[in-house]
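In: Predicted model, plus sequence, below.
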Amino acid sequence: MDMSDAVIVKSSRLKSVVWNDFDRIKKGDTCVAVCRHCKKKLSGSSTSGTSHLRNHLIRCQRRSSHGIAQFISAREKRKEGTLAIANFNIDQDSNKDDNTVSLVNIKFEQAQLKEDSVNTGTSNFDQRRSRFDLARMIILHGYPLAMVEHVGFRAFIKNLQPLFELVSLNKVEADCIEIYERERKKVNEMLDKLPGKISLSADVWNAVDDAEYLCLTSNYIDESWQLRRRILNFIRIDPSHTEDMVSEAIMTCLMDWDIDRKLFSMILDSCSTSDKIAVRIGERLLQNRFLYCNGQLFDIRCAANVINTMVQHALGTVREIVNKIRQTIGYIKSSQIILAKFNVMAKEVGILSQKGLFLDNPSQWNSTYSMLEVALEFKDVLILLQENDTAYKVCLSEVEWERVTAVTSYLKLFVEVINVFTKSKYPTANIYFPELCDVKLHLIEWSKNSDEFISSLASRLRSKFDEYWEKCSLGLAVAAMLDPRFKMKLVDYYYPQIFGSMSANRIEEVFDGVKALYNEHSICSPLASHDQGLAWQVGNGSLLLQGSAKDSRDRLMGFDKFLHETTQGEGTKSDLDKYLEEPLFPRNVDFNILNWWRVHTPRYPVLSMMARNVLGIPMSKVAPELAFNHSARVLDRDWSSLNPATVQALVCSQDWIRSELEN
């Protein structure tokens, strides 16, 4: 075709992105699309569509030097700015309010795929990089893997980037598992280099078809004195499995990660199953002498869990009364006439509360507490309604009002305590001791109530709490001692109130535990043994020196033992002595205990090791958003349908990627 008198057609009607790569040329009644890269001529008729043009672009060899840049018009570039996957903002100008979306330093595969970095102007489109970006997006946001086969998604991707080769469900699953394996190596290296010990928390998640998963999470304080947590395993378990089988599964996970020797404590829920699991794992670790203080700090129970257990028991005793209150609120809100009548009565009684009656969310017990609290404020109005409305049939008796009042007072304390656990800026182990001492004191007082119902309920709650206290009080007290604002003074303050005449013995037990733990850290301190490659161990009540064959040639090994023994007997002050003798640090709402220990590590080298291990114990392992829930965590339905190995890969890598982005 002679193109000498042809003209280039420029029309706003050419909407497809392919026209960024073609010129539409008209000669007479014929339209031709000419590729801007290789100059090949194809049909440009409006009736021909653009599919053949897209297919050409995919095959066009000369187009590769332009990459994806041609899909972004010059006008769009000026408006939106350069797109850089490693650092970009979305719609900065479109939302001036607080809802502006900002994504900063997205670290998708930057370390592993540096050669694949996307530069919108020069680099080639990279299929492999885009596949892994897709897989990471699915992991990060919990999307169903099957989305890659959804018609709408496939159409969106094809229109966005015709060069992207669409993947199947099996391929994206394989990509997700490959990402998991890469991330797992990074986590493994990090755990291997940790300066301190690890505390392991265990949770059961529910999945579809009554399946259950055991989630094992590592908790620790890293080299920069930051509190960290990483999910290590997410394994499917049969609800009928025995404690032996679950214990063996946990031990296998510990050895796979090579952290059995690094374990400091294990945090479980309060139940008989947990007792047996903790005993079995503790015995295994004690055989290898991996645990401090003969395992006294190993078996820790979740503080939030024991509070939740007591709440469920307390609410269970007034279940019928709570249901009556729900029916009452439903009746009052059933019509505008009854509600108006109720409001008039409230004014007559003189109640000016800004709160209104509302129904609770039964799955959130703090919601039930709030409902009861408001209902009690309107108690006199509800009694008046009972006297003046014959249709109101679910009224409470005076005894029922007294009982629900007592239970609500219990719930008030428990809500306050859980809020401290979940809203603390630095949820280290030291914050729990005063709160739980307060719970214990209240339970003692409630047990003395003259009302048999109230005292009996309090005694049952106290019994449940004392089981927890027996296991965890030493760990709680040691963590409190490591708070420079309190040291041993907090124990000295609370124990006489709790134990009365027995308090001196109890305080001495705590201090003995502190000294024993300190001595074991001192023996293992690199300051005492690093240069000589020695390891001090407690055996049969005396200090034994162990070394390799090479160490045995060191003529001064005996001197090291002599120095250690004689300096202990010459009245040299230890870290612990200096710490306890010095004045308390002033109480301050912005106090950061981890920052304090980071700064004071040179002054207290041994005690800081102990602080790193103890303060890293998650005395409450419940996520803040689930602190008031009755039920266990539930795995997403789409992920629940996958095979267990894939589920573990997705859940673990999601946690690792999110943690990396947060840092």
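Out: The structure has been received and is ready for your questions. Numbers count the residues shown, from 1 in each chain.

In: And the strands in the stretch 501-650 of the chain?
Out: All strands of the stretch 501-650 of the chain, identified by DSSP state E, counting those that start in this stretch, fall at 535-539, 542-546, 633-634.

In: what sits opposite the residue nearest to Val634 when sequence neighbours are not counted in the beta ladder?
Out: Counting by C-beta to C-beta, 6 or more residues apart in numbering, Val634 lies nearest to Asn206, which is 5.0 Å off, once chain neighbours are set aside. In short, each C-beta sits where N, CA and C put it, glycine included. Under the criterion DSSP bridges, Asn206 forms beta bridges with Glu212, Val634.

In: shouldn't Asn206 be in contact with Ser640?
Out: No. With contact taken as C-beta atoms under 8 Å, Asn206 and Ser640 are classed as non-touching, separated by 9.0 Å.

In: Buried residues, the helix or strand encompassing Ser247. List them.
Out: In the assignment (DSSP states H and E), Ser247 maps to helix 243-257. Of the residues in helix 243-257, those buried by neighbour count under the rule 16 or more other C-beta atoms under 10 Å are 243, 246-247, 249-250, 253-254, 257.

In: do the same with stretch 196-215
Out: Of the residues in stretch 196-215, those buried by neighbour count under the rule 16+ other C-beta under 10 Å are 196-203, 205, 207, 211-215.

In: Repeat that for stretch 263-282.
Out: Quick answer for stretch 263-282 (16+ other C-beta under 10 Å): 263-270, 274-275, 277-278, 280-282.

In: I'd like the mean pLDDT over that stretch, please.
Out: Along stretch 263-282, the predicted confidence averages to a pLDDT of 91.

In: Likewise for stretch 196-206?
Out: Stretch 196-206 shows a mean pLDDT of 95 in the predicted model.

In: mind checking how far that stretch is from the chain centre?
Out: The chain centroid and the centroid of stretch 196-206 are separated by 11 Å under C-alpha atoms, centre = their mean, to the nearest Å.

In: still on that earlier bit, what does the helix holding Ser247 rub up against?
Out: If you take C-beta atoms under 8 Å, 6 or more residues apart in numbering as the criterion, helix 243-257 is touched by 188, 191, 200, 202, 214, 216, 232-233, 235, 237, 260, 263, 273, 276-277, 280-281, 284.

In: Also stretch 426-440?
Out: Contacting residues not belonging to stretch 426-440 are listed as 227, 303, 307, 413-414, 417, 420-421, 424, 462, 465, 469, 475-477, 479-480, 482-483, 486, 490, 494, 497-498, 592-594, 614-620 [C-beta under 8 Å, 6+ apart].

In: Next: stretch 346-362.
Out: Counting contacts by C-beta under 8 Å, 6+ apart, the residues outside stretch 346-362 that touch it are 326, 329-330, 332-333, 367-368, 370-371, 374-375, 377-378, 380-381, 384, 630.

In: Please indicate which of the residues you listed are buried?
Out: For these, a neighbour count by 16+ other C-beta under 10 Å gives the buried set as 326, 329, 332, 368, 370-371, 374-375, 378, 381, 384.

In: Cys215 is in contact with Val651, isn't it?
Out: Yes. Under the criterion of C-beta under 8 Å, Cys215 is in contact with Val651, at a separation of 7.4 Å.

In: between these two, what contacts are shared?
Out: Counting by C-beta under 8 Å, 6+ apart, the residues touching both Cys215 and Val651 are 231, 234.

In: Give me the pLDDT for Trp19.
Out: If you check Trp19, the pLDDT there is 82.

In: And the one 3 residues further on, by the same measure?
Out: The pLDDT attached to Phe22 in the predicted structure is 84.

In: Now the phi/psi pair for Ile351, please.
Out: With angles defined as degrees, to the nearest 10, Ile351 sits at phi -90, psi 120.

In: CA atoms only for the helix or strand harbouring Val34, dumped as PDB, please.
Out: Secondary structure assigned from DSSP H and E places Val34 in strand 30-35. Once side chains and other backbone atoms are set aside, the C-alpha atoms of strand 30-35 remain, and they are given as PDB (Å, rounded to 0.1, in the frame of the first residue of the first chain):
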ATOM      1  CA  THR A  30      -8.700   2.300   4.900                       C
ATOM      2  CA  CYS A  31      -7.300   2.400   8.400                       C
ATOM      3  CA  VAL A  32      -3.900   0.800   9.200                       C
ATOM      4  CA  ALA A  33      -2.300   0.300  12.600                       C
ATOM      5  CA  VAL A  34       1.500   0.800  12.400                       C
ATOM      6  CA  CYS A  35       3.700  -0.600  15.200                       C
END
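
In: Can you tell me the strand partners of the following helix or strand past that strand and which way each runs?
Out: Using DSSP H and E, the next helix or strand after strand 30-35 towards the C-terminus is strand 41-43. Applying DSSP bridges to the sheet, strand 41-43 is found paired with strand 30-35 (antiparallel).

In: what helix or strand does the residue lying closest to Leu461 once chain neighbours are set aside sit in?
Out: Distances taken as C-beta to C-beta, 6+ apart put Met310 closest to Leu461, at 4.8 Å, once the chain neighbours are dropped. Under the criterion of DSSP H and E, Met310 resides in helix 303-317.

In: roughly how far apart are Leu411 and Phe628?
Out: In this structure, Leu411 lies at 10 Å from Phe628, with C-beta to C-beta, to the nearest Å as the measure.

In: Any chance you could list residues touching both of these two?
Out: In terms of C-beta under 8 Å, 6+ apart, Leu411 and Phe628 are both contacted by the residues Trp365.

In: re the thing from before, mind listing which of the contacts of stretch 346-362 are in helices?
Out: The helices in this structure, assigned by DSSP state H, contain 326, 329-330, 332, 367-368, 370-371, 374-375, 377, 380-381, 384 from the contacts of stretch 346-362.

In: Identify the farthest-apart pair in the residues you listed.
Out: Largest separation among those by C-beta to C-beta: Ser367 and Leu384, giving 26.3 Å.

In: List the residues that contact the residue lying closest to Asp238 once chain neighbours are set aside.
Out: The shortest distance from Asp238 to any non-neighbouring residue, by C-beta to C-beta, 6+ apart, is to Glu212 (7.7 Å). Remark: with contacts taken as C-beta under 8 Å, 6+ apart, Glu212 is in contact with 204-206, 236-239.

In: Closest one of those to Glu581?
Out: Using C-beta to C-beta, Val204 is the member of the contacts of Glu212 that sits closest to Glu581, with 45.8 Å.

In: Residues in contact with the one helix or strand the closest one maps to: which ones?
Out: Secondary-structure element containing Val204, defined by DSSP H and E: strand 198-206. Outside of strand 198-206, the residues that reach it under the criterion C-beta under 8 Å, 6+ apart are 191, 212-220, 232, 234, 237, 250, 254, 259, 262-269, 277, 300, 302, 616-618, 621, 631-635.

In: Please narrow those to those residing in helices.
Out: Taking DSSP H, the ones among the contacts of strand 198-206 that sit in helices are 191, 250, 254, 277.

In: send the alpha carbons of stretch 607-619 over as PDB?
Out: Taking only C-alpha atoms (Å, rounded to 0.1, in the frame of the first residue of the first chain), the coordinates of stretch 607-619 have been written out as PDB:
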ATOM      1  CA  LEU A 607      21.500  -9.000  85.400                       C
ATOM      2  CA  SER A 608      20.700  -7.600  82.000                       C
ATOM      3  CA  MET A 609      21.000 -11.100  80.500                       C
ATOM      4  CA  MET A 610      18.500 -12.200  83.100                       C
ATOM      5  CA  ALA A 611      16.200  -9.200  82.400                       C
ATOM      6  CA  ARG A 612      16.200 -10.000  78.600                       C
ATOM      7  CA  ASN A 613      15.000 -13.500  79.300                       C
ATOM      8  CA  VAL A 614      12.400 -12.800  82.000                       C
ATOM      9  CA  LEU A 615      10.900  -9.600  80.600                       C
ATOM     10  CA  GLY A 616      10.400 -11.400  77.200                       C
ATOM     11  CA  ILE A 617       8.000 -13.900  78.700                       C
ATOM     12  CA  PRO A 618       4.500 -13.200  77.300                       C
ATOM     13  CA  MET A 619       2.600 -13.500  80.600                       C
END
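
In: For Gln226, list the residues it contacts.
Out: Gln226 makes contact with Leu594, according to C-beta under 8 Å, 6+ apart.
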